[in-house]
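# Here is a sequence with its predicted model. Questions after.
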Number of protein chains: 2
Amino acid sequence: MNQAINGDPLAPIIIRMHPSDNVAVVANDGGLPAGTSLPDGLALQEKIPQGHKVALIDIKQDEAVRRYNVIIGYAKEDIKAGSWIHETRLRLPEPPALEHLPMATAIPPVEPALEGYTFEGFRNPDGSVGTRNILAISSTVQCVSGVIEFAVKRIKDDLLPKFPNVNDVISLEHTYGCGVAIDAPGAEVPIRTLRHLAQNPNFGGEVMVVSLGCEKLQPERMMPAGTIEIHREQRGTINDARWGDLDVVCLQDKEHVGFDSMIEHIMRQAEQHLHRLNARRRETVPASELIVGMQCGGSDAFSGITANPVLGFASDLLVRAGATVMFSEVTEVRDGIAQLTSRAASPAVAQQLIDQMKWFDNYLARGGVDRSANTSPGNKKGGLSNIVEKAMGSISKSGTAPIAGVLGPGEKLNGQRGLIFNASPASDFICGTLQLAAGMNLHIFTTGRGTPYGLAQCPVIKVATRSDLARRWHDLMDVNAGRVADGEQTIESLGWELFHLILEVASGKQTWAEHWKLHNSLALFNPAPVT
Amino acid sequence: MNQAINGDPLAPIIIRMHPSDNVAVVANDGGLPAGTSLPDGLALQEKIPQGHKVALIDIKQDEAVRRYNVIIGYAKEDIKAGSWIHETRLRLPEPPALEHLPMATAIPPVEPALEGYTFEGFRNPDGSVGTRNILAISSTVQCVSGVIEFAVKRIKDDLLPKFPNVNDVISLEHTYGCGVAIDAPGAEVPIRTLRHLAQNPNFGGEVMVVSLGCEKLQPERMMPAGTIEIHREQRGTINDARWGDLDVVCLQDKEHVGFDSMIEHIMRQAEQHLHRLNARRRETVPASELIVGMQCGGSDAFSGITANPVLGFASDLLVRAGATVMFSEVTEVRDGIAQLTSRAASPAVAQQLIDQMKWFDNYLARGGVDRSANTSPGNKKGGLSNIVEKAMGSISKSGTAPIAGVLGPGEKLNGQRGLIFNASPASDFICGTLQLAAGMNLHIFTTGRGTPYGLAQCPVIKVATRSDLARRWHDLMDVNAGRVADGEQTIESLGWELFHLILEVASGKQTWAEHWKLHNSLALFNPAPVT
C-alpha cells in the first residue's frame, strides 16, 4: 500500500492498495476539490469526498474497476482519469461461484510462536477464562423479562455491594422462547445461541435460568442434561430435582404466591451464585486463553486501509500467541470466498466455509434478496461503492493466518484455537450475540462512521478508522487507527499497540463503552418463522 | 354453555360449550379421579386433569370430536365414554380452505348504542386520546440504544421531577434499523411499525427520534414527510432543517464532540417535549375514544370458557359505546375463518381477512411450518389439544359484533371504529407491539397458565381464566374470570365489571403491571431476512 504522508492539510493524500489497482482513495479530511493535482500530475475532474475513489487512468465502459487487486465492479460508462468513481457508476459483479474453489491450496506457513504474553483473568472450573466476573441470569422466554429486570435492580441494590469481586449482574434478555415455530428448520440456531450464551466464560459457569412454565422453549430444551458440566460437587442442594444440576426458577410453580415470592426466589438463587462468583480472583494466565471476537460496523473506505488491517495484524499476533480469534459477517466475506478457502487449514475446513456460504445464499434467496442487501447508506457515503469493496475491507481484519475452523451461527467453540470463521450475519447486534455464544471473552469493533456500540457481557475495544472520528468521539473510541492514514503510525506499530491493549483490557482495564455502561441488546438470529 | 355449580370441592364440575359437543371440560381444581360419577351418571374411565376433556359418549376411530360445536379433531382410535381426550388421541383437521367462504353473510345486527360512558383522558392535537402521558424516544437503529438508555436515566433523574404531569420517559428500543434486508419483500412491516409506534396516542404527538447517521433505516425513511401532522405551529425552532418538523438527534453529526454533547443534545430536545407534555391535563372524553387491544397468552382450556367470553362481552359493550376494539393472532383465528368472514361488515372486509390468512399461510410455508406450530407445551398441559381448540377459545374474545375492518401488521388505525381484526402473529410481544403501532391506548390480556406480561407504553389489564391462578397471583392479575367457572359470576356480570374497570384504568387507575413496572420489550415482526 502507498504510504500516506502527513503534512500540509491541503496536500492531496491518496491511497492505492495494490499496484494493479486502477483507483485510489482520497484520504484528506473534507475530500479534494476539482482541479487538484495529484502527486503524479493527474488533475481531478471533479470534487471527490474523503474516502471516495478516484480513477487513476481512463476506464472504458464495461472495463473492470480494481481495488485491493480485486474487481470491485465494472464501469457502467466511460470514466475519465481523475473522475469520481461513485457507486452509481459501477455495476456489481456476480458473486463468485461456490464450486471449483481452491481448497486449502495456499495454507499460510505457521508463524513463530509468541511466548510469554499473559493477562490477568478469571480461571473457570471448565478451564475457560473470563475477562470479567458477571452474574448473568438467563431466561427461556421474553414473558419473564420484566420480572427479571425488577429482580436485577433489587439484586444490585441489596446484594451486589456484599460481593465486591463481582463486576455486574445482568439479564440475558431476548425476545425468543414462545410465539415462534420452535420445530421449524433453522430454529436450532436461536436455541443453541441461548444455551451457549449462558455458558460464556465471563459468567464463571454460574448458569441460572428463569422460566415461565408454559413456554415453548422449556428449560430442558434450552439446557439439555449434560450441557452444564462444571463443578457439580461444589453446588448445594438449591436446585429443583426436575432440572438436575440446573438452577431454574419457574414463575408458574405453585410455590409462588404473590409477586414478592417470585422476586425472593430469584434473589435467593442469585445470592448462591454471587457467593461463588465472589470467590473468584484474577490470576496470571497465558494470552492463549483469549477468545477474541472481531467485527466492523459503520464501515467506510478507511476500514480496509487502517483499522481492519491493524486489527488483522493484531489478530496474527494473537494467533501466534496461541489465542482464538473469530471473524464473522457472512455477506462481507462472500465475495472473497476464494481467498478464504485457499487459506483454510484443510480441505474439510474449506468445505465448511463453502457450506456456510451456501446456507446463507439460500436464506437470503428465500427472502427475495442477495448479498447486495448488506451495504448501508452510511457505507456508501463513506466511499464504499458496493458489497464487494466492503467485503475486501472487512476480510482484511482476518490477517494472514490459516483458517483453523468454522462455527455455524450459535455454535460454541470446543477447544479450537487459532483463526476461526464464525458464520454470523453482519448485523452488529446479531454478530456480537453469536460471538458471545461462541465463547468470546473480548470484543474488538472497528468503525469508520462511528457507533457507540457496547455489550454488557464482555469488554468491547472500539477502533476508529479515521482521526477525525477519533478526535470528535474522543471518549467513545479506544484506539485511533486513523494515525496510519495520517502517516504517524504503521499498521505494524499500531497492531502491536492494539495487541498490548487487548491484554490490558482482558486484565481489567475499562474500555470507553464500559466506562459509560453502553450496552446494546442481545439480538438472536432466528431464520425460522414466528407464529 | 352448561352453567357450572359452585359447591362441594369434590363434586364434579364439567363444562360443555354446546349441546352438539361430544366432549366436556373438567373444571375442578386438581381434576377428577378415575371412577368419578358425572351428574348424568357417566363414570370416568381414568383420571382427568383440570381443563382437560372427557368423552361424553363413545367415539369411534376417525369420528369427529366436537367442542364449541366445531370439529377440533378426529379420533385416532376408539375412545370410550368417560375417557380422557388427550392431544395424542386426536388427529388435526385440515385447515379450512380460503376459497368459497361465506362473505358477510351473517352480519350481526347493530346493537343499541351505549350512551353516556366516559373516561378521563389526554386529548391530543390530532384528535386521538391518550390514557397515559409519556415521553417516548424513538430510534432508527439499535446502535444508539445504549446512549438513549443513558440519556433516559439522566432525564428521569434531572428533568422529570420538574414535569409532574408526565407519567414516564421511555425508549422505544428495538433491534431493527441496520444489518437487515431493508428493501426485501416484507421489510415494510417493521418500518411502518416503528413509524406508527412513535405516534401512539399515549405519547401526545411528541415524536423525538435519535439516529446514528449511517444506518439503513434513515430518519426520513422511518418518518417520511407528512407523517407527523400535529401542531406544527406550536413547535419552536428546535428542529434541524433537514428533517422538517421532525425532531432528530443524529449522533454522527459533526456538532457532537464527546459523549456529553450527545447526551446534552438529547436532554435539551427532551426538555422541549416534556414542557409540552406537562401542559396536558386529563379531561372527560367519551368512551368512544378508547382503542382497546385484546390478546391472550399462556392459554388453557378455560380461556375459551371464562376469560375470553367475558372479554368478548366487554368488547361488545365497548363497540356499542363507539370505541375501537382490536383482536389479533392470525394462527388463532385461521381455523375459524368462516365464522369471521361471515361476520364481516362487508364482502370487502371479508376479503381482507382472507388476504391476511393467505399471506400468513405463505409466510409459514416458506419457513417449512404451518399453523400447528402455534401451540405450546403449556397450552397442552392446560387442556388445549391443538390449534383448532385453541383458536375457538381465542376467537371468543372478539364477542359478537360485526368485523368492521382489518389492519395489516404494523398498520395504523385511521379513524376506524368498532371491532377490527389486526393481523398480527400470536407472539405476545409482537402482538402487543403491533397493537401499540395501530394506536392502542389500553390493552387487555387474558391468561390461563399465568404471565407477568406488561408494557411501558400503555396500561395492561390482566384477566385470569381460573380462580387458582388469580389467588396465587393475587398481585399480578387484575381480574379473576375464574369466578364464572366457580358459578359466582356470569359472563354478563363480569363483562360489565371489566367494562367499568377499563374506563377506570383509562382514567388513570394503575394496573398491577404498572404498579410493579413490569415492562416487556417491544418485538418487531420482520418477515424479511437479516444480512
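Cool, got the structure.

# Close to chain B: what parts of the stretch 251-400 of chain A are there?
The stretch 251-400 of chain A has residues A:251-252, A:254, A:256-260, A:262, A:297-298, A:331, A:363-364, A:366-369, A:371, A:373-374, A:376-379, A:381-382 near chain B, with proximity defined as CB under 8 Å from any CB of the partner chain. All C-beta spots, glycine's among them, are computed from the backbone N, C-alpha and C.

# Only the buried subset of those residues, as a PyMOL command please.
Buried subset of those, written as a PyMOL selection, criterion 16 or more other CB atoms under 10 Å in any protein chain shown:
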select buried, chain A and resi 251+252+256+259+262+297+298+331+363+364+367+368+369+371+373+374+376+377+378+379+381+382
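
# Give me the phi and psi for the residue most central in space within chain A.
What sits nearest the mean C-alpha location of chain A, by CA atoms, centre = their mean, is A:Gln295, with 3.3 Å. Dihedral angles of A:Gln295 (phi, psi; degrees, to the nearest 10) stand at phi -150, psi 150.

# any idea where the helices of the stretch 101-250 of chain A begin and end?
In the stretch 101-250 of chain A, the segments counted as helices under DSSP state H, counting those that start in this stretch are A:145-154, A:188-197, A:219-222.

# quick one: which of the ones you listed has the weakest pLDDT on average?
The weakest mean pLDDT among the helices of the stretch 101-250 of chain A belongs to helix A:219-222, with a mean of 94.

# Please work out how many residues are found near A:Ala323.
26 (other CB atoms under 10 Å in any protein chain shown).

# Over to A:Pro164?
A:Pro164 has 8 neighbours, counted by other CB under 10 Å.

# Distance of it relative to A:Met223?
Look at A:Pro164 and A:Met223: by CB to CB, to the nearest Å, they are 29 Å apart.

# contacting residues around A:Gly177?
Going by CB atoms under 8 Å, 6 or more residues apart in numbering or on different chains, A:Gly177 touches A:139-143, A:215-217.

# so what's it scoring on pLDDT?
In this prediction A:Gly177 is given a pLDDT of 97.

# Please name the nearest non-neighbouring residue to it.
Leaving out its chain neighbours, the residue that sits closest to A:Gly177 by CB to CB, 6 or more residues apart in numbering or on different chains is A:Val141, at 2.9 Å.

# Quick check: phi and psi at the one you found.
Dihedral angles of A:Val141 (phi, psi; degrees, to the nearest 10) stand at phi -160, psi 150.

# who's in contact with A:Trp496?
Neighbouring residues of A:Trp496 by CB under 8 Å, 6+ apart: A:313-314, A:317.

# hmm, back to that, wait, isn't the residue nearest to A:Gly177 in contact with A:Thr175?
No. Between A:Val141 and A:Thr175 there is no contact, the gap being 9.1 Å when judged by CB atoms under 8 Å.

# Quick check: residues of the stretch 51-200 of chain A near chain B?
Residues of the stretch 51-200 of chain A lying close to chain B by CB under 8 Å from any CB are A:142-147, A:149-150, A:173, A:175, A:178-186.

# which of the residues you listed count as buried?
Buried by 16+ other CB under 10 Å: A:142-147, A:149-150, A:173, A:175, A:178-182, A:184, A:186, out of those.

# Now the stretch 401-531 of chain A against chain B: closest residue?
The minimum distance from the stretch 401-531 of chain A to chain B, using CB to the nearest CB, falls at A:Ser427 (2.4 Å).

# Please report the number of neighbouring residues for that residue.
With neighbours defined by other CB under 10 Å, the count for A:Ser427 comes to 26.

# swap in A:Glu488?
For A:Glu488, the count of nearby residues is 14 (other CB under 10 Å).

# Assign it to helix, strand or coil.
Classification of A:Glu488 using DSSP: H, G, I helix; E, B strand; the rest coil returns coil.

# Distance-wise, check the residue in the stretch 301-450 of chain A that chain B sits nearest to relative to B:Lys216.
Nearest residue of the stretch 301-450 of chain A to chain B: A:Gly378, at 1.9 Å (CB to the nearest CB). According to CB to CB, A:Gly378 and B:Lys216 sit 8 Å apart.

# in the stretch 301-450 of chain A, which spans are strands?
For the stretch 301-450 of chain A, strands defined by DSSP state E, counting those that start in this stretch occupy the ranges A:324-327, A:403-407, A:418-422, A:442-447.

# Could I get the average pLDDT for the second one?
For strand A:403-407, the mean per-residue pLDDT is 98.

# Now do that strand: which elements does it pack against?
helix A:347-366, strand A:418-422 (3 or more CB pairs under 8 Å, 6 or more residues apart in numbering or on different chains; DSSP states H and E).

# Which secondary structure elements does the first one sit against?
This points to helix A:347-366. Looks like helix A:347-366 contacts helix A:337-343, strand A:403-407 (3+ CB pairs under 8 Å, 6+ apart).

# which secondary element of chain A has the worst mean pLDDT?
Ranked by mean pLDDT, DSSP states H and E, the weakest helix or strand in chain A is helix A:377-381, scoring a mean of 89.

# Identify all contacting residues around that one.
Applying CB under 8 Å, 6+ apart, the contact partners of helix A:377-381 are A:87, A:298-300, A:390, A:449, B:212-216, B:218, B:252.

# In CSV, please show the C-alpha coordinates belonging to it.
Output of helix A:377-381 as CSV, limited to C-alpha atoms (Å, rounded to 0.1, in the frame of the first residue of the first chain):
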residue,chain,number,x,y,z
PRO,A,377,-26.4,4.5,3.1
GLY,A,378,-23.5,5.3,5.5
ASN,A,379,-21.2,2.8,3.9
LYS,A,380,-21.9,4.5,0.5
LYS,A,381,-21.4,8.0,2.0
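
# burial count for A:Lys60?
Count around A:Lys60 with other CB under 10 Å applied: 9.

# wouldn't it be in contact with A:Ala75 here?
Yes. Assessed by CB under 8 Å, A:Lys60 is found in contact with A:Ala75 at 6.7 Å.

# Show only the entries of the contacts of A:Trp496 found in helices.
Within the contacts of A:Trp496, residues falling in helices by DSSP state H are A:313-314, A:317.

# for those residues, which one is nearest A:Gly415?
When the ones in helices among the contacts of A:Trp496 are compared for distance to A:Gly415 (CB to CB), A:Leu317 comes out closest, at 21.1 Å.
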